[in-house]
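> Give me a model of this one.
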Amino acid sequence: MSNAETAPEALQCGAPDEADRPTREPQVDVLAPRDVPLGGPRALHVRRTLPQRARTLIGAWCFADHYGPVEVPASGGMDLPPHPHTGLQTVSWLFAGEIEHRDSLGTLARIRPGEVNLMTGGHGICHSEVSTPDTQIVHGVQLWVALPEEHRDAARGFQHHAPRTVRIDGARIRVFLGTLAGDTSPVRTFTPLLGAQIDLEPRAAVELAVAPSFEHGLLVDSGDVRLAGTVLRPGGLGYRPRGTGTLALENDSDAPARTILLGGPPFEEEIVMWWNFIGRSHDDIVRAREDWEAGSDRFGEVEGYPGDRLTAPRLPNAVITPRGNPRRGTADPGKQDTP
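Take a look at the predicted model:
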């Protein structure tokens, strides 16, 4: 998915200084989303929880858009023209609907509920995403993973996987990246990661064994869910720092709940994010934008999309300044501070 904002924020992101964290800190930080329109007057609106001022990364997860349920006939659904990416992997996961994916590898694929599609941008790729004609509702998440320095110029790639369902204590779990609840995804990533959909029956509670070296984020799609005792409402994301070997989840409502669990070891590198590009410096972003606008072979072409590609927004009239995850305890993590 493209970050289709006309004035995207420039971010230089890095992991917090663990040594400077206060010794007494809340178990869970609650991150509120902000509403972002993707496109024109009939834009698909998404709820974005990463990145934001309260937190820019959870492991290598650096971008989280949550959208729908949206009625396609009334809204126009999803129609994202060809757009570029560098330095990242995109992870597409649907709850409802169907999206057609085309990319400059020549891939033509359908994104369907319960099936993960992961695309590696690396040095450069472009793709389009369009809801299919028979789709009545689109509903899902679009996630980005930052590539480490060693692999940030990796070759273009595309992977697909339909995970099995694991049932534990009133929970149904589908692991699309990493390992959880005895299941392991075969999808390749360049840093250790966890990505899973966890559905909870009404009033169900489950305790999951997780890697203590991982930090975690739980995004709630439906229901009121407690993460380590902290209530998360639909659209919110709860952050849990590393150091625990278990995560306790409880559906606090009388209806089924649906969540997305993300995790990974803290990403120690600083990255610069702007529009659809991730680099290590302002100059990296400038070069990527120039290459896209010039029609460079760096990104290739998408065949079969019935329209023009996206034009890159103007760069900010300033050099990107550093920003990392703020130290916990220095701000109200539940208050959204938008630029």
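> what about the chain, any weak spots by pLDDT?
1-7, 9-26, 39-43, 321-339 (pLDDT under 70).
> Can you tell me the centre-most residue of this protein?
Nearest to the mean C-alpha position of the chain, counting by Cα atoms, centre = their mean, stands Leu143 at 2.0 Å.
> Under a three-state scheme, what state does that residue occupy?
strand (DSSP: H, G, I helix; E, B strand; the rest coil).
> Excluding chain neighbours, what is closest to it?
Closest residue to Leu143 apart from its sequence neighbours, by Cβ to Cβ, 6 or more residues apart in numbering: Val91 at 4.2 Å. For glycine as for every other residue, the C-beta is placed from the backbone atoms N, C-alpha and C.
> what's the residue nearest to the centre of the chain in contact with, if anything?
Listed by Cβ atoms under 8 Å, 6 or more residues apart in numbering, the contact set of Leu143 reads Trp61, Phe63, Ala64, Asp65, Thr90, Val91, Ser92, Trp93, Gly195, Leu262.
> for Ala288, helix, strand, or coil?
Assignment for Ala288 (three-state DSSP): helix.
> give me the number of residues near it?
Neighbour count for Ala288, taken as other Cβ atoms under 10 Å: 26.
> wouldn't it be in contact with Thr86 here?
Yes - Ala288 is within contact range of Thr86, at 4.9 Å (criterion: Cβ atoms under 8 Å).
> what is in contact with those two at once?
The contact sets of Ala288 and Thr86 overlap at Gly124, Phe277, Gly279 (Cβ under 8 Å, 6+ apart).
> Any chance of those in JSON lines with distance to Leu237, neighbour count and secondary structure as columns?
Shown next, in JSON lines, are these (distance: Cβ to Cβ, whole Å; neighbours: other Cβ atoms under 10 Å; DSSP: H, G, I helix; E, B strand; the rest coil):
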{"residue": "Gly124", "distance to Leu237": "29", "neighbour count": "21", "secondary structure": "coil"}
{"residue": "Phe277", "distance to Leu237": "23", "neighbour count": "25", "secondary structure": "strand"}
{"residue": "Gly279", "distance to Leu237": "25", "neighbour count": "20", "secondary structure": "strand"}
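> Name the nearest of those relative to Pro33.
Using Cβ to Cβ, Phe277 comes nearest to Pro33 of the shared contacts of Ala288 and Thr86, at 22.5 Å.
> all helices for the stretch 51-200 of the chain, in order.
Along the stretch 51-200 of the chain, the stretches classed as helices by DSSP state H, counting those that start in this stretch are 72-75.
> got it, and the stretch 201-339 of the chain?
Under DSSP H, counting those that start in this stretch, the stretch 201-339 of the chain gives helices at 282-293.
> Quick check: bridge partners of the residue nearest to the centre of the chain?
Leu143 forms beta bridges with Ala64, Val91, as assigned by DSSP bridges.
> Need the distance between the two termini of stretch 213-232.
When the termini of stretch 213-232 are compared using Cα to Cα, to the nearest Å, they are 23 Å apart.
> Give the buried residues for that stretch.
For stretch 213-232, a neighbour-count test (16 or more other Cβ atoms under 10 Å) marks 214-228, 230, 232 as buried.
> Which of those residues fall in strands?
Per DSSP state E, strands hold the following members of these: 215-222, 225-227, 230, 232.
> from those residues, which two are the most distant?
Spatial extent of those (Cβ to Cβ) is set by the pair Glu215 and Ser222 at 24.0 Å.
> now, among the contacts of Leu143, which is nearest to Pro306?
Using Cβ to Cβ, Ser92 comes nearest to Pro306 of those, at 20.8 Å.
> Enumerate every residue touching that closest one.
Contact analysis of Ser92 by Cβ under 8 Å, 6+ apart lists Met1, Ile99, His101, Ile111, Val116, Asn117, Leu118, Met119, Glu129, Gly140, Gln142, Leu143.
> how close does the last one get to Ala60?
So that's Leu143. Remark: distance between Leu143 and Ala60 (Cβ to Cβ, to the nearest Å) = 10 Å.
> just Arg48 next, same as before
Remark: distance between Arg48 and Ala60 (Cβ to Cβ) = 17 Å.
> same thing with Pro306?
34 Å.
> The two: which is more packed in?
Each of Pro306 and Ala60 has its neighbours counted (other Cβ under 10 Å); Ala60 has more, 24 against 8.
> Enumerate every residue touching the more buried one.
When contacts are counted by Cβ under 8 Å, 6+ apart, Ala60 touches Val145, Ala146, Leu147, Pro148, Thr189, Phe190, Thr191, Leu193, Gly264, Phe267.
> quick one: Leu194 and Ile173 touch, right?
No - the pair Leu194 / Ile173 is not scored as a contact, 11.2 Å apart, by Cβ under 8 Å.
> joint contacts of these two?
The overlap between the contact sets of Leu194 and Ile173 (Cβ under 8 Å, 6+ apart) consists of Leu180.
> hey, what's Thr86 bridged with?
Here Thr86, judged by DSSP bridges, has bridge partners Phe277.
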